[in-house]
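Chemist: Structure here, sequence nowhere to be found:
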């Protein structure tokens, strides 16, 4: 069962695209759009995290050039896609990878 916090940590149709976030980081948006994105980032944890990741990756990968979503490393793209597709399963995989074992599954079976 997803908690209310986990349910809110996702990209919505109303969220700005990755390209828009990168343009915002470069101050390359019209003033009104820049303000709109800034306000959105102040209330959306998912976009705030995505913005930090994209900003850091874009600077590291290409210096001053704005890099689009295609420039995201393959393993990071796969992680993001897994998290967006099935957050509970992706989280379980991450926990398993971190601890080096599969997470326990609680059942009502008798031993």
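Modeler: Done, it's in. The structure presented is a predicted model; accordingly, all values stated were derived computationally and were not measured. Numbers count the residues shown, from 1 in each chain.
Chemist: contacts, neighbours, all on C-alpha from now
Modeler: OK.
Chemist: Show me the longest helix that occurs in this structure.
Modeler: Using DSSP state H to assign secondary structure, the helix with the most residues in the chain is helix 45-62.
Chemist: in that one, what's buried?
Modeler: By neighbour count with 16 or more other C-alpha atoms under 10 Å, helix 45-62 contains the buried residues 47, 48, 50, 51, 54, 55, 57, 58.
Chemist: tell me what that helix is packed against?
Modeler: helix 18-25, helix 31-43 (3 or more C-alpha pairs under 8 Å, 6 or more residues apart in numbering; DSSP states H and E).
Chemist: Out of those, which gets nearest to residue 73?
Modeler: Of all those, helix 18-25 sits nearest to residue 73, with 14.2 Å by C-alpha to C-alpha.
Chemist: Pull out the buried positions in that closest one.
Modeler: Along helix 18-25, the positions that meet the burial threshold by neighbour count (16+ other C-alpha under 10 Å) are 18, 20, 21, 22, 23, 24, 25.
Chemist: farthest-separated two in the residues you listed?
Modeler: Farthest pair in the buried residues of helix 18-25 (C-alpha to C-alpha) is 18 and 25. Separation: 10.6 Å.
Chemist: one step back: export the buried residues of helix 18-25 as a markdown table, with columns for pLDDT and distance to residue 82.
Modeler: Formatted as a markdown table, the buried residues of helix 18-25 follow (pLDDT from 0 to 100; distance: C-alpha to C-alpha, whole Å):
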| residue | pLDDT | distance to residue 82 |
| --- | --- | --- |
| 18 | 91 | 17 |
| 20 | 94 | 22 |
| 21 | 93 | 21 |
| 22 | 90 | 22 |
| 23 | 92 | 25 |
| 24 | 93 | 26 |
| 25 | 89 | 25 |
